[in-house]
Every structure is written in structure tokens, then in C-alpha cells.
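Chemist: Fold the following for me, if possible:
(2 chains)
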Number of protein chains: 2
Amino acid sequence: MTEEKHNNNSVGIVEAQTVQIPLPDEGLKLRKGGVLHELTVLYETYGVLSPDRDNVVYVCHALTGDAHVAGRNDPSDAKPGWWEEMIGPCKGIDTDYYFVVCANILGGCTGTTGPSSINPETGKQYGSSFPEITVADVVRVQKLLLEQLGIERLAVVIGGSFGGMQVIQWGIQYQDLVDRCICIAAGASLSAQALAFDVVARDAIVSDPNWADGDYYNNDAGPEWGLSHARKIGHITYLSPESLQEKFGRETKGGVDADGQCFQVESYLKYQAEKFIERFDANSYLCITQAMGSFDLIKEFGSLAAAFENVRAKFLIIGLSSDWLFPPEQSTELAAALLRSGKHVSCCTLKAPYGHDAFLIDIQNLSETVKAFLPWVGSDKVSVTNEPGALGKTKFRMIVDAVQPKSRILDLGCGEGDLLSLLLTAKQTVGFGVDIDLNNVIRTIDKGHDVFRGDLDEGLSIIADDSYDYAILSSTLQEVRNPKSVLGEMVRVAREGIIVFPNFGNWRNRVTLGFKGRMPKSDALPHEWYETPNIHLATKADIVDLFDKADLDVLDMVCLPGNNVLDRLFVSLKRCNLGAEYIFTRVASRKSGVGVQNTCRSE
Amino acid sequence: MTEEKHNNNSVGIVEAQTVQIPLPDEGLKLRKGGVLHELTVLYETYGVLSPDRDNVVYVCHALTGDAHVAGRNDPSDAKPGWWEEMIGPCKGIDTDYYFVVCANILGGCTGTTGPSSINPETGKQYGSSFPEITVADVVRVQKLLLEQLGIERLAVVIGGSFGGMQVIQWGIQYQDLVDRCICIAAGASLSAQALAFDVVARDAIVSDPNWADGDYYNNDAGPEWGLSHARKIGHITYLSPESLQEKFGRETKGGVDADGQCFQVESYLKYQAEKFIERFDANSYLCITQAMGSFDLIKEFGSLAAAFENVRAKFLIIGLSSDWLFPPEQSTELAAALLRSGKHVSCCTLKAPYGHDAFLIDIQNLSETVKAFLPWVGSDKVSVTNEPGALGKTKFRMIVDAVQPKSRILDLGCGEGDLLSLLLTAKQTVGFGVDIDLNNVIRTIDKGHDVFRGDLDEGLSIIADDSYDYAILSSTLQEVRNPKSVLGEMVRVAREGIIVFPNFGNWRNRVTLGFKGRMPKSDALPHEWYETPNIHLATKADIVDLFDKADLDVLDMVCLPGNNVLDRLFVSLKRCNLGAEYIFTRVASRKSGVGVQNTCRSE
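Modeler: As a prediction, this is how the structure comes out:
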């Protein structure tokens, strides 16, 4: 039964491998000046390497992770690897298709060379003499391992937290060798708050009476108190306040305080810390957190734009809503910089109540998003939008017709990415979509497009001026809270805006209000008044007036009549505001001086 | 020049006083069983006690605060007291009107009896033998001090953070002696996260090699490392991540790491900790944080409702938006419990980017809110709403007429509280308002009403079922995102809903859309379509239809024509949907079986 369970969608029993990496005579020179003369790497693999060796997914582990990502090393193991939920047959990273590699990182203490390893030059543990390492060194060792395995390129590199930093470094350092980068719950550097917690935690280790300047391996005791204290602080930061509250609240249990009680959160932290010091080395903790603390793309490259200049991989950047160690804004910052550097990038903040650690424990949406982004297996998410009707097809066709081949486009409110697909096929456009709905975002990623999950009313500040040829608002403007500022943003970031808007001036709407005294519903505005997402209704005349107030020139305006005789009649009589069900417009900033062509034509 | 500056809106030079509190022979029995045989309290006062002794504001200080709240003890002091911005002539607590008292708390180390005081029984410092204290003990000592000063009642008790907990305790423990309680950035207990940080910080103190079980006063060194470590952890939690990022980011300065650099945030924490250990005692830190950690109204009373059962004071509860030590939700929880217990309470979350400490440093809005709530000096905030026109007056009058005397009312979207004032005067109602705008909230508080700052679309979950006779939505329903659920909430919490709604079916709107092809503007709907807050337009017929769908019975419906002949004509012809500018309605849940009176009458 247990055996069955293990086999069920699991990679099953796996064996860790150790490899000695051959080094040149002068050793492995590290970024900060240190040198290593011996390099051992412990790793695990899952799945089967394809004959073309093009299905490799490299997993970068977090601060205190290890190479044991999935499956069990022994059938009797109580727990599987740390990302069992993500990796295995039919999972987010499907081992029926992909060959997964993960190694303990340089500086670690679970099989790869680190401070607790024997220094071949002294025959003793490195301890305080272990050289300072950087994320660049960590990633370089991963590359050396892959060379040993005969792997030249990565289909995907993925990691969360400190693993996410390694993913970014992969994209920068080996830009020709990696196709896709998935960076989860990380950032371009630690925030001031995260740094503050780290310096306080490290201070506890080096202030421990048993610290012995790091050379404690042959002493009776090491800095266990300091390491456990550091782990406690770290652990608080890995969980959201809500999840701590939900898990422990203010419950007490038999323990240590004056009433013979201690808070459950206290005994939980104690338990976590005790487990941790059994498996982790204080020097490794210092070494890796220092590498994490010194990772700073802006400091190293001058700017994120400079850091990402030569990136070629396609990026997926994922933030977690309740993560306060790497808040989702840091993910957005990374994604915005990649975008502004003209790279392929999708970005999505997932609703995740469990804080930073959610990428390990709350992974249903994460799996789906990863699956959609990976090349060979599609997302399981099904479409929820209907096939567009005749008018919908006309709208799409007009937008496609209006777009020059090979132009750069931005689809604001992109839905499931169908318009992006049409434009790509018909006009070989590049560009990306923005949508607020996760399902839409996943479906759009699955179709191969770049997409940002975001709220148009919160602005397009991630996008530089004049980055696109066209920004498209297809039946979206009436849904935003501030149409005027969205229009302004549109022509700031794009040369032209293409807007399709339901015309509240259509004669049927007028009749419904005028004679029936009711708020109209129609194909274009199908919702009840009290639950409609269309919160800013306007007629063709209103829109034209707003364009003027927003300093927009109208380059083209086309009335799209609904499917009835009167609509077509009014439009043929040039009474667009009466006959149009939708208005199609192309606009540009008046400052651009493209000129006005304010007359309305019909299709 | 310095002298002048000090005098400028400052209480100037102040002197701390020390008083020996006379104790009965058996000593002062503490809640947890301990006894004190000597009690000294150090305090300061500002302003002048009125002849009636009715202008006393008692200030409760936070964890590491002291009695020195405002002014300078010596002209050469570099800094004034810790709440100088709040207390002084013309300030939030105006010392031209109020007599302010603050004392160092029991267990402290700046003049009031605490672990570092001499135990009269041994002639040595208490140290580890200092008894465990509670917030109840702290407040009791404050009461004993006031007795010594001949003060019988408090006009106001105010405090932030741990001071806020003392305020709540005052309201509960001495319910007959305090008129107004202002509780800022506090909660009914510490959250699990805050507890976790506290247990880790305390562990650092008692793990310090110089801890000596708390009896370190006569040793060469005390647990300075542990105390400074605790302070560093605490300090991180007092600031918002944004303010740490803004202040320090990832800047480095000459210091201690491998590159001879340390992060500025590290040296800042070090500096704060060094300053702190000069003025604070480790035993006091343990003693007070333990009192704070054990404060738990739900555990003590069984429920917040039980805790607040006998409260008589009027409460003002203030949360700070970026406070993550006492998140604003904890303030809302307190306020909601007071409200549900039928107490007078106002509640407001202030936008404050600086985290928990914002109540000390970012106090402009806080001062205004406090000033409005205090009895004798009004807020400086001026009204921004216009006098209501004829129709506005009619609306108000109809609402007033519809309300039974002495009924309980809830004004959803209460603006500056004018309707609440009218209802109070004309009908002696009780109840409170809800508004999203801070200026409105402050103006409403200033008029003496209870008000919650909140977003109607986030629901009225703080309010128990059937708590009110009437819930009023005066020109508000069309502004909410989900009118149907707001209506549902309305009749859940109140017996009757009174709704005044702009009628989009008015003939002028129909004409504007129907013949001009434009979105109408009118007295009732004065905004441009693209910037209107009125995001759900509806006609009288639509509203009636929604009432039906929301299972509401219409008890009364009145058409309010605009100021023109045709409006009045249509209304007189019973064509309300054409003639009404506003619709006035009274509704009740169909389940209540009050009955239907769906015909429309005119005024």
C-alpha cells in the first residue's frame, strides 16, 4: 500500500550520484578571488534523457534545500523529496517527458563541496578557510556538472527563492545554453528587510560561544544554538502571518513558561530548528546566505537593463501574493526589466496564502502555470470563453487588418490569447498580452505568448515610453475604472492605440432606455446593470469627445453594425452613433502629429 | 534661538516627578500571584488641571517608552519627549486645554518599580525575583498614581502599541472612570507572528552567556549581547519593509564584511541596539514583553464580547496601513467587537507608510483624528462638501421622516455626518456611519458620531445580523461595485433599508441619450462618463427589478422629481420612471414578511 502510494505519480525510488569534477591544475577560481582544488557534486536525476538531449530541466534548490527533489532514496523514507508535488509523471514538470537534474549547491553540506568538506591541501575541514562564493560560482559548478553528464543545453532551468536567483544567473551567465528560465518567489537582490533579518541571524551564529571562528568541526560542540536561532528567524520569514495565525494562533501546550506552558508557535520553531541543526552546517548557512545577500544585479551590472542585455532565454517570473521575504513586487521588477530589455517574459503573481514557502506547499496553480510554459506538455486548463460570433470575428479581423506585419503589439485585456495568436499567424507580430484573470494568463502562456497578469487601472508603468507599435483595447476600455488615464498610458507606450468599444448610442439601447425605461442589454453589453463589468458606458459621440479631451487624434474610425437591418441602415446613412454596435478606432497622441482623420466610415 | 524653537508649540521644559505609592501592609498583590512591598512611580505632566479636574488625558507608553512624552527635561537636551509631535499647544492633544499625565510603567527601568529596582526585603535588585506582571497590573499602578494626584476620572486615555493594550485594559478595568479611549496600532492580543518574534528575541537574552539567570546587576557584564539582539529583531518589526528599503536599501558603508563593507541596515540596527542597551534593562525587556505576550482578552474573558460587556467609554480605534506587527485587521477586530457589544466606537485605518512606528513619526492624520475625537477642541479639517440643494434637503427630510424616534441607524456612505446629525437632533437616533474617505470620517467624528472607515464592497461582516432598525444608502448604491450584495448585507444587518437612488430613467436622461446620442449628465449624475463614481446606472424599473431578484419587499417608494415642470408633470401622471430625478425607497427582506407596498407615490 505504501509502495503503491509511492509509485503513484512519483518518480519512485531514486539514487543520489556523486561526481568528482575534473579541475585544471590552477583549480577552480571563484569570483571573489578564492580557489578550490577539489570539487565534488552530489546530484539526482529523474526521467529519461532524450536521444537529442533536449529535454533537460535543471532544478536549482533554495538556501537550505538539497539534491533530493523527488521520490524516495529508500522505500522506508518517511518523506519524499522537497518538490515531490511538482516533479513526477503527469505533474507540473512531467518526468514522462523531461529529464530532471538537481544537485546540491556549492557551499552546501549535503554532498557537494562546502565548508564542512575536507580541504585536500590540509586534510581537514575547510571551516573558516572556505572561500567566499557567489551565485555566479554556484551556477558555474552546475554547468560543470552538466558537462560531466554530457548535457550541452537546458530546455528549462527552474527554481524558487535562492533557486530563483540561480535561475536568473543562468539566463545571464549562459545565455546561449538555456531556452527557458522559470524564476519563482525571488528578486534581483534581497530587500533591506530580508538583509536585516539575515544579518541578525548570522550574528547569532558568530556570537555563539561555540562558534570557534568557524573551526568547530573537531570540537565537542559547534554553534548549534546560533544555527537554530538563525533557523527560527528564517522560518518566521518563510511563512505568511496568516498561515502562522491559522496554524498556531496563540495556542499553548505543556512547556517552559511560568505557567508551565509555552506557545505552540514557540515549540514549532524549536522543533524546526532542532530538525535543521541535525542536517545543516553553520558554515554552509553563513556561506550561502552571504552569497544570497551579495547577489545584486544592479550593483554588479549598473542596471537591470544592463544585466539582461544578452539574455536569450524566455522567462517566466512568478511571485506569490503573501510572500513577504521576496514580495511579488520584486518579481514584477525583474519581469519589467526583462520586458523593457525586449526579452520574452511572462509574469504572474499567484494568490498564495502560505507566504514564501507556498512554492513548496501550495502548488496547484504554480504547476499549471509551469506546465503551460514548458515546451512539450500543455496545461490542463480548459478554455472558458465561447467561440467568437460573427461580430467578434469581424472585430478580430479589423484589428488584424489594421496592424502592419512584424510590428510590436500590446494586447491590453488579452483574454485567452486568441487575438495574439491570430496576429502572430497573420502578421508575424511580436509583443505580449496583459490580463487580470489567472485562467486567461495560463491559457495565453500555453499558446506560447508572453503575458503579464495585471490590472490595467494600476497603470502600465512597467512599460517604457514608445515601446510598441500598437496597443490594443478590444472591448476592454469600458471595464476599467479610469478610461482616460488608460488611454493616456496606451499612447505613451505605443505609437497607435486600437480600440474596439461597445456603442451605448446604438438605437436599440436608446429605445430600451427611452421607451421601456430600462437599462439596455445587448450582444455587446450582455450583463445585468447591477453585475456588469462594463462600468463606464459611452456612446460613439462620448468616445470621440473623450479622445479629444485626452489629446488623441483619431486616425480611423469604423462603425460595426449589429446583425439587424436597422443597424445597417443607420450605418449606411452615416448615422454611426445610432447604427454601430461596436466602434473600431485607431488613435494616436496629438503630440505625435500623425494627423486627424475624424470621419467615420463603415465596413 | 534653540530656546525659541523649544517653546514653539512645545510644552517647553518639564520636570519628571517621583511618587512613593502608599501600599497596605500586605503589599500590592499582582494578578499572577506576586506581591510588591514598595512602589515608586515616575511621571510627567503637561498643561493645567482644570478646577473640575475633568480635562485629564492619560498617555500609556509602549514597550520601551518612558514617562518623558513631550518637551525637554533640560534646555540642552538634543531631543524632546517621544510624542512631541502629538502633545503641546495647538497639537493633537492640545495642552492649552488638556492636562496630560504619563508615567513609566510597572516593570520598567526609567523610574518606576521594576526588576532593576531595589527589593526592600533583600536590599538588592529584584532581578530574577521580580514577580510576573500583567497589563492589568500596569494599569492598576497607573490608577494608584492618579489617586495620589487627586484625579478621579480620565477624560481620555490614549496609547499606541503596548500602550494601546493598556488603553483597552483601562476601558475594561475602570469602566466608570474613563470617558474616551484611543487605542492606536494595537490588538486584543499579539498575533502568532509577533509572538514568534518575541519568543526568539527573549531566547537571545536568556541564552546570553552573561545572563546569570537574570541576577547580573552586580556582575562585570550583563546580557548586553542578548538585549541588543532582541532590540534588532524588534526594530525590524517596527518599520515597514518599504521604509527600510527607502531608508537603507542595499547601501553599504565601511564596516565589517569580507570587502570591508557592511550593509547600512546592519549598522543602523547596530546603532539602534547600542543606544538601546544604554537605557534599557534586559529584565525589564523580558518582564514587559511577557506581559504583552500574555495579554489575551479572548483567553481571559472567553470572547471579546464578554471582555467589552461593561465598557462605558467611547472608543476610537486606529490602525496603520503598513503596520505588520499589529496589522490594521487587529484594530478592526477590536472595533467590530465593541460595535457588536453596542458600544460607542469609531474605527479608522490610516495610510501610513512607515510601519508600526508610524504612530510616533507620521502623525498628521493621526493628530487630526485624535483632535476630532477629543471633547474640547475641534478638528482643523474643513468641510469639502457643498450645502445640499433643495432636492438634497428633500432627500434628507424624507429619510428623517421615515425613521422612528430613538431607532438604531446605520448610514452607509455617511459623508461628513450631516445626515447622522440631522437624525440625532430630530429623532434621537443611535447608530453610526461608514465612509471610505478619511476627511469625511474625521468630520463625522468631529460631529460626535461613531464612524467606521471602510469600503462597502468589502462587506459589513463586522456587523451582526439584525443589529439596526435602518440601514441607509443615500446616493451610494450606484457607486458600489456589487449593488446586489450590498443590498443583501443591508437587510441582513438592519430591519429596513432606506435607499435614495438617482433615476437614470428620468426623461432628460432618455432625451440626452435618445436624441443627442450622449451619456447624460444631470444634477443627480453630474460627472463625465469616464470619471464618474456612479458605475452602475439604473432606472426606477431596474431598481424595482433588482429588489425583486434580491428578495426584497418594497415598503414604500417615492418619486422625487427634479426642479422642472415636466418632471413634476410626469410624476403627477404617475409616470415616475420618467419624472423622478431620485427614487426614495424603503425595503425589507422578503423573509421578514413585512409585506409589499410596491406602488409608487410622489411627494
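Chemist: Would you mind naming what in the stretch 451-600 of chain A lies close to chain B?
Modeler: Contacts of the stretch 451-600 of chain A with chain B, taken as CB under 8 Å from any CB of the partner chain, map to A:481-484, A:504-505, A:509-511, A:513-514, A:516-519, A:529-532, A:535-542, A:546, A:577-578. Just so you know, the C-beta spots here come from the backbone N, C-alpha and C atoms, and that holds for glycine as well.
Chemist: just the helices in the stretch 201-350 of chain A please.
Modeler: Assigned by DSSP state H, counting those that start in this stretch, the stretch 201-350 of chain A shows helices spanning A:224-238, A:241-247, A:264-279, A:282-294, A:297-301, A:304-307, A:328-340.
Chemist: Redo those as CSV? Include mean neighbour count and mean pLDDT.
Modeler: Shown next, in CSV, are the helices of the stretch 201-350 of chain A (neighbours: other CB atoms under 10 Å in any protein chain shown; pLDDT from 0 to 100):
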stretch, mean neighbour count, mean pLDDT
helix A:224-238, 23, 97
helix A:241-247, 18, 94
helix A:264-279, 18, 95
helix A:282-294, 24, 97
helix A:297-301, 17, 96
helix A:304-307, 18, 97
helix A:328-340, 22, 96
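Chemist: What segments of the stretch 51-200 of chain A are strands?
Modeler: A:56-60, A:87-88, A:93-94, A:99-103, A:118-119, A:124-125, A:154-160, A:178-184 (DSSP state E, counting those that start in this stretch).
Chemist: For residue B:591, find the nearest of these.
Modeler: Among those, the nearest to residue B:591 by CB to CB is strand A:178-184 (48.2 Å).
Chemist: Neighbouring strands of the closest one in the sheet, and parallel or not?
Modeler: If you go by DSSP bridges, strand A:178-184 pairs up with strand A:154-160 (parallel), strand A:314-320 (parallel).
Chemist: Reformat those strands as TSV; add distance to residue B:355, mean pLDDT and mean neighbour count.
Modeler: Shown next, in TSV, are the strands paired with strand A:178-184 (distance: least, CB to CB, whole Å; pLDDT from 0 to 100; neighbours: other CB atoms under 10 Å in any protein chain shown):
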stretch	distance to residue B:355	mean pLDDT	mean neighbour count
strand A:154-160	27	98	27
strand A:314-320	21	98	27
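Chemist: Select, out of those, the one closest to residue A:295.
Modeler: Closest approach to residue A:295 among these (CB to CB): strand A:154-160, 12.8 Å.
Chemist: can you give me the helices for the stretch 1-150 of chain A?
Modeler: With DSSP H, counting those that start in this stretch as the criterion, the stretch 1-150 of chain A has helices spanning A:2-7, A:135-148.
Chemist: Could you pull out the strands in the stretch 301-450 of chain A for me?
Modeler: A:314-320, A:345-350, A:408-412, A:430-435, A:450-453.
Chemist: Out of those strands, which is closest to residue A:87?
Modeler: Nearest of these to residue A:87, taken as CB to CB: strand A:314-320 at 16.2 Å.
Chemist: contacts for the closest one?
Modeler: Residues from elsewhere that reach strand A:314-320 (CB atoms under 8 Å, 6 or more residues apart in numbering or on different chains): A:171, A:179-185, A:326-332, A:334-335, A:338, A:343-350, A:352, A:355-356, A:358-359, A:366, A:369-370, A:373, A:445, A:450.
Chemist: One more: stretch A:292-312?
Modeler: Applying CB under 8 Å, 6+ apart, the external contacts of stretch A:292-312 come out as A:63, A:134-135, A:162, A:165, A:168-169, A:171-172, A:175-176, A:188-190, A:195, A:198-199, A:333-334, A:337-338, A:340-341, A:343, B:250, B:263.
Chemist: about what we covered before: now the buried members of the residues of the stretch 451-600 of chain A next to chain B.
Modeler: For these, a neighbour count by 16 or more other CB atoms under 10 Å in any protein chain shown gives the buried set as A:481, A:483-484, A:504-505, A:509-510, A:513-514, A:517-519, A:529-530, A:532, A:535-542, A:546, A:577-578.
Chemist: Next step: those restricted to helices.
Modeler: A:483-484, A:509-510, A:540-542, A:546, A:577-578 (DSSP state H).
Chemist: can you list the domain ranges for chain A.
Modeler: Listed by automatic domain parsing, the domain ranges of chain A are A:191-294, A:390-602.
Chemist: end-to-end on stretch A:351-367?
Modeler: Distance across stretch A:351-367, first residue to last, is 13 Å (CA to CA, to the nearest Å).
Chemist: quick one: buried residues of that stretch?
Modeler: A:352, A:354-360, A:362-363, A:365-367.
Chemist: Could you list which residues are in contact with the spatially closest residue to residue A:503 that is not a sequence neighbour?
Modeler: Ranked by CB to CB, 6 or more residues apart in numbering or on different chains and with sequence neighbours excluded, the top spatial neighbour of residue A:503 is residue A:580, at 4.4 Å. Residue A:580 makes contact with A:503, A:505-506, A:540, A:559-561, A:567, A:571 under the criterion CB under 8 Å, 6+ apart.
Chemist: Show me the shaky parts of chain A.
Modeler: A:1-8, A:254-261, A:593-599, A:602-603 (pLDDT under 70).
Chemist: out of the buried residues of stretch A:351-367, who's nearest residue B:130?
Modeler: residue A:355 (37.1 Å).
Chemist: Backbone dihedrals for the closest one, please?
Modeler: phi 80, psi -160 (degrees, to the nearest 10).
Chemist: That one and residue A:86: what is the separation?
Modeler: 18 Å (CB to CB, to the nearest Å).
Chemist: If we ignore the residues flanking it in sequence, what's nearest residue A:219?
Modeler: Nearest non-adjacent residue to residue A:219, counting by CB to CB, 6+ apart: residue A:212, 5.8 Å away.
Chemist: Might you report the residue contacts of the one you found?
Modeler: Listed by CB under 8 Å, 6+ apart, the contact partners of residue A:212 are A:219, A:222-223.
Chemist: List of residues touching stretch A:127-136?
Modeler: Here stretch A:127-136 makes contact (CB under 8 Å, 6+ apart) with A:30-36, A:106-107, A:114-116, A:119, A:122, A:165-166, A:169, A:173, A:213-217, A:283, A:287-288, A:290-292, A:294-295, B:258.
Chemist: from memory residue A:185 sits against residue A:162, does it?
Modeler: No: with contact defined as CB atoms under 8 Å, residue A:185 does not count as touching residue A:162 (9.9 Å).
Chemist: Look at the two and report which has more neighbours.
Modeler: A direct count of neighbours by other CB atoms under 10 Å in any protein chain shown for residue A:185 and residue A:162 places residue A:185 higher, at 31 against 26.
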